[in-house]
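Undergrad: what shape does this take:
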Amino acid sequence: MTKDRTRGKSDIRRWQQYLADERAEAAVYRDLAGRRTGEEREILLALAEAEGRHEAHWRDLLGEQVGAPRRGAPRTRLLGFLARRFGSVFVLALAQRAEARSPYDADADATDAMAADERIHEEVVRGLAARGRMRLSGTFRAAVFGVNDGLVSNLALVLGIGATGVPAATIMFTGIAGLLAGALSMGAGEYVSVRSQRELLEASTPNPDARSALPHLDLAANELTLVYRARGMSPEEAEKHADEVLRTVAIATGGMDLSAARAPAVVHDEHEAIGTGMGAAVSSFLFFASGALLPVLPYLFGLSGVAAIVVAAVLVGIALLITGAIVGLLSGGPPLKRALRQLAIGFGAAGVTYVLGLLFNTSIG
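TA: Numbering: from 1, shown residues only. Now for the predicted structure:
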């Protein structure tokens, strides 16, 4: 049931735009579903069906004034373009933000059910996007950290050394040395860090050999309950679960895997989120090197003095804005805000070293 409404020209235009947006959003979900299988495909098709119900609502309101098909909002058309060509977690992150901006809560012509649908759709898309974020978060974390560290540290190094008044060739070789040293250090550090974290998690994984002890447990003491309590179950849940396991063992002494409690699934997800040590190391090395290369490029092409500093700062600034926006999109946050934050942090750090270089040059002079 819709709220009270009057049918003016502005209403007609608004309803027609809503109709176009719903059509476009349904197409986005269908396109995404076409690139997936199994449960994710079913969920995306169900979202498309829900958008179809919303489309029918606006079509009923418009009646004979539906008019010629209109184009959806620019951001929805962009989503459709990306969904048809990529179908990645980036598209889901954008779709999550689009669902969060639904105007139906404040629109008198949308039903309460439609407004509620849009809020729930945001959570559904958030869940789908979270799966993708989980799959890439380990390597992506290393990549983002690597490229930003390369951009900021080498820009700071180049600007700091350049401000002392040394020749351009010295600045260039200093920047290249910083690139290689930083990339190798980042790669080695990420490998050790990720491997150590995975080893800690593996130490918490239940030992499958422990199931051989099940047939010999003291049924009266039932120490199996302690296993499940240690994994987070309440005493009552642990006792019930242990009784079931022991009854199964009594019927067939084939044993039962102690990993049947809830912990192993969590451990698996944590392993997936962390990524592999080699993947993180390679990502850190390559992305640090690519970021650290930008501040050196002007000197490699023969620039020097203020011109080289300005070009290096511009290149690094653009890269910082891009990486900040990407992080914002993937995290579901505002891309512009994250991009500007990244830029401010990077230029702040580089600015400090440049000022120190100027002071050092002045003291020597």
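
Undergrad: how distant is stretch 162-176 from the center of its chain?
TA: Distance, stretch centre to chain centre, for stretch 162-176: 37 Å (C-alpha atoms, centre = their mean, to the nearest Å).

Undergrad: buried stuff in that stretch?
TA: Residues of stretch 162-176 classed as buried: Gly162, Ala163, Thr164, Ile171, Met172, Thr174, Gly175, Ile176 (neighbour count, 16 or more other C-beta atoms under 10 Å). Heads up, the C-betas are built off the backbone N, CA and C, glycines and all.

Undergrad: test my guess that the first one contacts Ile309.
TA: Yes: taking C-beta atoms under 8 Å as the definition, Gly162 is a contact partner of Ile309 at 5.9 Å.

Undergrad: which residues does stretch 54-65 contact?
TA: Outside stretch 54-65, the residues within contact range by C-beta atoms under 8 Å, 6 or more residues apart in numbering are 2, 5, 12, 15-16, 18-19, 22-23, 26, 66, 109-111, 114, 117.

Undergrad: just the buried positions in it, please.
TA: Quick answer for stretch 54-65 (16+ other C-beta under 10 Å): His54, Glu55, His57, Trp58, Leu61, Leu62.

Undergrad: secondary structure class for the third one?
TA: So the one you mean is His57. Of the three states, His57 takes helix under DSSP: H, G, I helix; E, B strand; the rest coil.

Undergrad: state the pLDDT value of it.
TA: pLDDT, His57: 92.

Undergrad: about what we covered before: nearest to Val125, of the buried residues of stretch 162-176?
TA: Proximity of the buried residues of stretch 162-176 to Val125 (C-beta to C-beta) peaks at Gly175, which lies at 42.7 Å.

Undergrad: find the nearest non-adjacent residue to Arg126, please.
TA: Gln96 (5.2 Å; C-beta to C-beta, 6 or more residues apart in numbering).

Undergrad: send the alpha carbons of stretch 153-163 over as CSV?
TA: Output of stretch 153-163 as CSV, limited to C-alpha atoms (Å, rounded to 0.1, in the frame of the first residue of the first chain):
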residue,chain,number,x,y,z
SER,A,153,59.0,6.5,1.0
ASN,A,154,60.7,7.0,-2.3
LEU,A,155,59.1,10.4,-2.9
ALA,A,156,60.2,11.4,0.6
LEU,A,157,63.7,10.1,-0.1
VAL,A,158,64.0,11.8,-3.5
LEU,A,159,62.6,15.1,-2.3
GLY,A,160,64.7,15.1,0.9
ILE,A,161,67.9,14.4,-1.1
GLY,A,162,66.9,16.8,-3.8
ALA,A,163,66.4,19.6,-1.4
